[in-house]
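[1] coordinates only, no sequence provided:
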C-alpha cells in the first residue's frame, strides 16, 4: 500500500489542524451476487491465506459489478461479516442510489468511481471466480502481417489480435480478446485488456518482455524458462498466469 | 526527377556520415549527378569527411531561409564534377529547419540532380525526422550489437509511419539494412551478433555488410570518403553496396573468417 503525501492546494492555515490530500491503494471487495454464505466461505479462505494483510485493513465494497437496480438484501450482513473477519469496511463504490443510502445509514463513505481499466492488483478479488465470460467477438479479429517495430503499439479493440509477423523488443501489442502470435514475440503482450480474464495468449515462439491477461502481469525475468522459444498457451487461473506447451 | 535516399540509424556513431559520403561518392563515380546533404545542424561532420570543411560559405539553413541561393550554398567536390555537398549550419540550431523549407530545397535540387543523399543526425527528433520525411529510399545503418539493433528497429518503425509516403498513402519507402563494423572473428567467438541474427531481428533486406576497418578512421581524418580507398576491405564493401543499390546482385564479402589452408600457414601465403 502506498502512501505518498501530496501537498494540498493553498488552504488557510488554522494552526493545530490541516486537511491534506493523500493517495492510498485500497483493496476493493467486488460483490456480484447476493449470497452471504458464499461470501463467508470466500472471505474465510482469503483471510487464511494472508492473515496479516487483512488485519484491520481498510476495504472498499465494490458494487460496480452488481446488477444495476437490484437490491442487496444481505448488505448489512456483509458489512458485519467483513468486520467479523478483522477488516474495516470504509466505503462503497459503484453503488446504485438505493445502496448508497444504505451505505450512509451504515456509516460508510461513498468512494468516487474509477475508470474501468484496472492495473494489476492481486488483492482486488471477487466473491467467486467470474463465470467464464465469452470473449467479445463482436468485431472480427485484427490481423497484422507487418512486423511491429520497437516503440509501436497495436490495439485490437473489441476482439482478438492475430500476428503474422514478429513483435520487436520495445513494442506493445494489446487486445480485448485473445492474442494469437504466429511469429516471434520479443515485446509486450497484453490480452483481455478491458478486464476480460478469460482471454488467452497463444504464441508460437515465446520470448516476450512482459505478458499480461486482464491486468495480471509477469515480466520476462519471472517467466518459466522451459517455455522460452517454444509454442505456449497462457491463461489466467484466478489471479495467476498459467503456462502450458502447445 | 531525383531519387531521395536517407541514411539513418537511430543510434549515434554507427557510420551514417561515413556511409553517406561513400554512397554519394560511389554514385557520382558511376556517372550520376549526386548531392549529399548534412542534416545535423549544430554538429556537422559531413564536410570533414568529404574534405571540404575549409570551403563552406553558406549552408542548408542559409538556403532554407533565403539568405543564399542553392547555387551559392552547394560546394563542388574537387575529385568528381558530378558530386556536390550541402553542409549543415554549425552556428544555428535545428529549429531553423522546417518541413516546408526542407521540402522546397529538395524540390529545387531534384530538378538538376539524379540522386540526393540525406545524411541524418542520430536520434528520432526533428533533424532525423526531417532528413527522412521526403525520402524514397532508406539505408538503415546498424552495428551488430544490441543497442544499435534496437534503435534501428525503432527508426524503421518511424520510417514506415512518419514519412511523407506513409502519410500520403503512397508506395512506402524502400528500406534496406546496412551492417557496419562487422567482425567475423568476434562473431565466431560469440562476442558479436551475426548478420543472420541482425537480419532475423530487423527483418529487412540487406544492402551490405561493411567490415570493421582501421582505414575508415584514416580516411575520415584525411577528408577522403572511404570508398576511394580501393585497397581497404571497407572501401570495397561500400562499392558492392552502391552496386547493389543500383540493382546488381552481389554476394556479401568479408563476412566469413578467411581460413588459411595448410600451405598458406606453412608458407605465409
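    Thanks, I have it. For clarity, every value in this text was computed on a predicted model and none was experimentally measured. Numbering: from 1, shown residues only, chains lettered A, B, ... in the order given.
[2] for the chain, which spans come out with low pLDDT?
    Using chain A here. Chain A contains residues with pLDDT under 70 at A:1-14, A:114-138.
[3] ah, no, chain B please
    Ranges of chain B meeting pLDDT under 70: B:260-261, B:263-269.
[4] three-state assignment of the residue in it positioned nearest to chain A?
    The minimum distance from chain B to chain A, using CB to the nearest CB, falls at residue B:157 (2.9 Å). Quick note: C-beta positions are derived from backbone N, CA and C, even for glycine. Of the three states, residue B:157 takes helix according to DSSP: H, G, I helix; E, B strand; the rest coil.
[5] any idea how far it is from residue B:125?
    For residue B:157, the distance to residue B:125 equals 15 Å [CB to CB, to the nearest Å].
[6] and the two? Which one has more around it.
    When residue B:157 and residue B:125 are compared for neighbours, residue B:157 comes out ahead with 22 against 10, by other CB atoms under 10 Å in any protein chain shown.
[7] the more buried one against residue A:154, yeah?
    No - using CB atoms under 8 Å, residue B:157 is not in contact with residue A:154, being 11.3 Å away.
[8] overlap in contacts of those two?
    Taking CB atoms under 8 Å, 6 or more residues apart in numbering or on different chains as the contact rule, residue B:157 and residue A:154 both touch A:148, A:171.
[9] excluding residues flanking it in the chain, which one is nearest the residue of chain A found nearest chain B?
    Here chain A gets closest to chain B at one residue, residue A:149, 2.9 Å apart by CB to the nearest CB. Using CB to CB, 6 or more residues apart in numbering or on different chains and skipping the chain neighbours, the partner closest in space to residue A:149 is residue B:157 (2.9 Å).
[10] the closest residue to residue A:203 other than its chain neighbours and residue A:63, how far apart?
    In space, and not counting its chain neighbours, residue A:203 is closest to residue A:181: 4.4 Å by CB to CB, 6+ apart. Distance, residue A:181 to residue A:63, by CB to CB: 37 Å.
[11] again, but for residue A:167
    38 Å.
[12] neighbour-wise, which of the two wins?
    For residue A:167 versus residue A:63, neighbours defined as other CB under 10 Å are more numerous around residue A:167 (29 against 23).
[13] okay, now the sheet partners of the longest strand along chain B, with direction.
    When chain B is parsed with DSSP state E, its longest strand is strand B:174-182. Strand B:174-182 has these partner strands in its sheet, going by DSSP bridges: strand B:137-142 (parallel), strand B:205-211 (parallel).
[14] tell me which helix or strand residue B:105 sits in.
    helix B:99-112 (DSSP states H and E).
[15] kindly report the same for residue B:127.
    Counting by DSSP H and E, residue B:127 is part of helix B:126-133.
[16] quick one: contacts of that helix?
    B:6, B:8, B:10, B:39-41, B:94-95, B:97, B:99, B:102-103, B:118-122, B:138, B:155, B:158-159, B:162-164, B:173.
[17] restricted to buried residues, select those residues in ChimeraX.
    Only the buried members of the contacts of helix B:126-133 end up in this ChimeraX selection, burial being decided by 16 or more other CB atoms under 10 Å in any protein chain shown:
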select /B:6,8,10,39,40,41,94,97,102,118,119,120,121,122,138,155,158,159,163,164,173
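[18] returning to what we had before: next, the buried residues of the longest strand of chain B.
    Those would be B:174, B:175, B:176, B:177, B:178, B:179, B:180, B:181, B:182, for strand B:174-182 by 16+ other CB under 10 Å.
[19] same check, this time on stretch B:88-97
    Buried-residue list, stretch B:88-97, by 16+ other CB under 10 Å: B:88, B:89, B:90, B:92, B:94, B:96, B:97.
[20] doesn't residue B:58 make contact with the first one?
    Pointing back at residue B:88 there. No - applying CB under 8 Å as the test, residue B:88 and residue B:58 come out as separate, 11.4 Å apart.
[21] which parts of the chain are helices?
    If you meant another chain, say so; for now it's chain A. Along chain A, counting by DSSP state H, helices occupy A:36-49, A:51-54, A:75-84, A:97-105.
[22] think we crossed wires, I meant chain B
    According to DSSP H, the helices that chain B contains are B:16-29, B:46-50, B:60-64, B:70-73, B:99-112, B:126-133, B:146-159, B:164-167, B:184-188, B:195-202, B:215-222, B:233-245, B:262-267.
[23] residue numbers of chain A in contact with chain B?
    Residues of chain A lying close to chain B by CB under 8 Å from any CB of the partner chain are A:146-152, A:165-166, A:168-171, A:186.
[24] out of those residues, flag the one nearest to residue B:82.
    For the residues of chain A next to chain B, the residue nearest residue B:82 by CB to CB is residue A:149; the value is 35.6 Å.
[25] count the neighbours of the nearest residue to residue B:223 once chain neighbours are set aside for me.
    Distance criterion CB to CB, 6+ apart; nearest residue to residue B:223, sequence neighbours excluded, is residue B:51 at 2.6 Å. Counted with other CB under 10 Å, the neighbours of residue B:51 add up to 19.
[26] what sits against residue B:51?
    B:78, B:222, B:223, B:224.
[27] list buried residues within those.
    Neighbour-count burial (16+ other CB under 10 Å) applied to the contacts of residue B:51 gives residue B:224.
[28] pretty sure residue B:110 contacts residue B:134?
    No - counting by CB under 8 Å, residue B:134 is not a contact partner of residue B:110; they are 9.4 Å apart.
[29] give the residues shared as contacts by these two.
    Common neighbours of residue B:110 and residue B:134 (CB under 8 Å, 6+ apart) are residue B:4.
[30] the two: which is more packed in?
    Neighbours were counted for residue B:110 and for residue B:134 using other CB under 10 Å; residue B:134 has more, 21 against 17.
[31] list the contacts for that one?
    Contacts of residue B:134 (CB under 8 Å, 6+ apart): B:4, B:102, B:103, B:106, B:163, B:164.
[32] CSV for the residues you listed, including distance to residue B:129?
    As requested, the contacts of residue B:134 are arranged in CSV below (distance: CB to CB, whole Å):
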residue, distance to residue B:129
B:4, 14
B:102, 10
B:103, 13
B:106, 14
B:163, 9
B:164, 11
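[33] would you format the residues you listed as TSV with distance to chain A included?
    Converted to TSV, the contacts of residue B:134 look like this (distance: CB to the nearest CB, whole Å):
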residue	distance to chain A
B:4	22
B:102	23
B:103	25
B:106	26
B:163	14
B:164	19
